[in-house]
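Peer 1: I would like to see how this sequence folds:
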Amino acid sequence: MGEVISVFEYDLLGSGKAASVGVKLVPQHVFNYLEALSLASIQGSQFLKLTSRSGFKLLQVQNYAGMLSTPHGFQLEILPKVGKNLTAANARATLLTMLSHLPGFRHIQTQQATLQAQRMPLLEIFISQFLLSVSQLLKQGLRSDYVSEQGNLAFMKGKLMLSAQLRHNSVNRHKFCVNYDDYMPDCAANRLLHSALDKLLSLQLSSENQRWLYELRFAFDGIPLSRDIDGDINSLRLDRGMSHYNEPMAWAQLILRGMSPSALQGNTNAISLLFPMEAVFESFVAQTLPHELPPHFKVQPQVSTYSLVKHGFHDCFKLRPDLLIQSRLPVQTKMVMDTKWKLVNGSKHTKSLYGLAQADFYQMFAYGQKYLDGSGEMYLIYPAHDDFSQPIPQHFAFSNTLKLWVVPYQITGKPGERMMWVSDIPSV
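Peer 2: Numbers count the residues shown, from 1 in each chain. Now for the predicted structure:
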């Protein structure tokens, strides 16, 4: 396995003598590569920011988590910062828990991945999950499909191609130029799986994954690699008899498309997978919150019914709260919620006001006026950690009728125990 360094969101990276300012050190050639990435586009990289301290040029990781491999065999693992004393293993488990609820990553087998998080970096976990899914697929058997073939055969098979027959066999009449279908494992799905396995051969993997990879690739020896990956992906049709292909194909497409963020598109030598944590946390809460509510309520994410102002006949500045909690019958908005990927200190309320942002309060006030008519309860939801394990006990009053609660959300908690309520859920 190549060298791996684990860092957290907002950590600083440097090289050479930059260790004197308390940053994570990476080899100079790796720093140069990462610096080039941060400057690669007009807008700059979203997950790395060039900065300086005490005269040293540094890179600061932004609010992204995942892994980034470099052409030098070096891997940078970026972990979510949930708390001050979080270990790398716990941070990996937290990230994997959230990813397993994302629509594109529900194929992550959370229990096994959480165990692997104790000893494996993220790239190895993702690859291990892919190899496991391929292994399970092979136990059920590779799917074959009809493949169109042409040939000059000694027997009649399929459809005779008259023009070719007259051109090639006017003398050798014992031959037949035919077009026929053969039932073969050379289909788009199998070509893509073989190509994904083949791409992983270039990586420096753990001995366990490396051995597993070679064993699985041997089962695809008779199947060609994909010559047109995008074409095969677009033509892919997993019918009812191919449900066992769903999980390995989801991983294969990620691998073949490079797992790359926008700044790395086109770099086929680097396999990377980075996630904007604000969006991951928002999606995780939206997916799991229904388990925290009684059945007569439903969660509506990203509703944009109202705007802040009207200008003539035009609505301006759409108001889009992360979550609305509505009763089912009759449909009525009961609560407004917004998620924030930020560490709140539940015990310090002087000066910094628990670390809360004034702009968020303006935003919630606007939501309350438009979606609750100025009367009701709203929630700001932050990730739970050691310094924020209980809701802030006193609500924030915009008026006598409009209240805002600030609460933690237990990411790794059991369903039904993640949301920390501070008051009774309103009845229908």
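Peer 1: residue boundaries of the helices in the stretch 201-350 of the chain?
Peer 2: Ranges of helices in the stretch 201-350 of the chain, per DSSP state H, counting those that start in this stretch, are 207-218, 229-235, 246-256, 277-288.
Peer 1: distance between the last one and the chain's centre?
Peer 2: The chain centroid and the centroid of helix 277-288 are separated by 11 Å under C-alpha atoms, centre = their mean, to the nearest Å.
Peer 1: flag every buried residue along that helix.
Peer 2: If you call a residue buried by 16 or more other C-beta atoms under 10 Å, then helix 277-288 has these buried ones: 277, 280-288. Where C-beta positions appear, they are placed from N, C-alpha and C, glycine not excepted.
Peer 1: pipe the residues you listed into TSV and attach pLDDT per row.
Peer 2: Below are the buried residues of helix 277-288 laid out as TSV (pLDDT from 0 to 100):
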residue	pLDDT
Met277	91
Val280	91
Phe281	94
Glu282	93
Ser283	92
Phe284	94
Val285	95
Ala286	94
Gln287	92
Thr288	94
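Peer 1: now for the protein, the helix or strand with the poorest mean pLDDT.
Peer 2: Here the helix or strand of the chain ranked lowest by mean pLDDT, DSSP states H and E is helix 110-116, holding a mean of 63.
Peer 1: and the chain, what are its domain boundaries?
Peer 2: 4-141+188-276, 145-184, 293-409 (automatic domain parsing).
Peer 1: so what's the gap between the second one and the chain middle?
Peer 2: Taking the mean C-alpha point of domain 145-184 and that of its whole chain, the gap between them comes to 48 Å (C-alpha atoms, centre = their mean).
Peer 1: likewise the longest one?
Peer 2: Between the mean C-alpha location of domain 4-141+188-276 and the chain-wide mean there is a distance of 10 Å, by C-alpha atoms, centre = their mean.
Peer 1: before we move on, what about the last one?
Peer 2: The offset between the C-alpha centroid of domain 293-409 and the centroid of the whole chain comes to 25 Å, using C-alpha atoms, centre = their mean.
Peer 1: what mean pLDDT does that domain get?
Peer 2: Domain 293-409 comes out with an average pLDDT of 90.
Peer 1: what about His311, how many neighbours?
Peer 2: Other residues near His311 number 9, with proximity taken as other C-beta atoms under 10 Å.
Peer 1: kindly report the same for the one 10 residues further on.
Peer 2: Residue neighbour count, defined by other C-beta under 10 Å, stands at 26 for Pro321.
Peer 1: roughly how far apart are it and Pro408?
Peer 2: 19 Å (C-beta to C-beta, to the nearest Å).
Peer 1: and what of Glu417?
Peer 2: 12 Å.
Peer 1: neighbour count winner among those two?
Peer 2: Pro408 (22 against 10).
Peer 1: let me see the contact set for the nearest residue to the more buried one once chain neighbours are set aside.
Peer 2: Spatially, and ignoring its direct neighbours in sequence, Pro408 is nearest to Ala384 (3.4 Å; C-beta to C-beta, 6 or more residues apart in numbering). By C-beta atoms under 8 Å, 6 or more residues apart in numbering, Ala384 lies in contact with 82, 408-411, 413, 420.
Peer 1: ok, now Val7?
Peer 2: 13, 24, 61, 76-79.
Peer 1: what pairs with it across the strands?
Peer 2: Ile78 (DSSP bridges).
Peer 1: need the helices of the stretch 201-350 of the chain in CSV with distance to Ser69, can you?
Peer 2: Listed next are the helices of the stretch 201-350 of the chain as CSV, based on distance: least, C-beta to C-beta, whole Å:
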stretch, distance to Ser69
helix 207-218, 14
helix 229-235, 19
helix 246-256, 12
helix 277-288, 20
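Peer 1: and of those helices, who's closest to Leu200?
Peer 2: helix 207-218 (5.7 Å; C-beta to C-beta).
Peer 1: so what touches the closest one?
Peer 2: 1, 124, 127-128, 131, 134-135, 138, 194, 197-198, 200-201, 205.
Peer 1: just stretch 406-417 next, same as before
Peer 2: 82, 93-94, 97-98, 284-285, 288, 291-292, 339, 344, 346, 354, 356, 379-385, 388-392, 396, 418-422.
Peer 1: which parts of that stretch are buried?
Peer 2: Those would be 406-409, 411, 413, for stretch 406-417 by 16+ other C-beta under 10 Å.
Peer 1: in strands only, show me those residues.
Peer 2: 406-409 (DSSP state E).
Peer 1: ok, back up a step: give me the phi and psi for the residue nearest to Pro408.
Peer 2: Per-residue torsions, Ala384: phi -80, psi 150 (degrees, to the nearest 10).
Peer 1: for Ser283, see how far away Leu380 is.
Peer 2: In terms of C-beta to C-beta, Leu380 sits 17 Å off from Ser283.
Peer 1: ditto for Leu37
Peer 2: According to C-beta to C-beta, Leu37 and Ser283 sit 25 Å apart.
Peer 1: what's the helix or strand for Asn90?
Peer 2: Assessed by DSSP states H and E, Asn90 sits inside helix 88-99.
Peer 1: let me know the average pLDDT across that helix.
Peer 2: 88.
Peer 1: one step back: turn the contacts of Ala384 into TSV, columns for distance to Asn179.
Peer 2: TSV is the format used below for those (distance: C-beta to C-beta, whole Å):
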residue	distance to Asn179
Val82	60
Pro408	66
Tyr409	60
Gln410	62
Ile411	57
Gly413	60
Met420	67
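Peer 1: nothing else from me, thank you.
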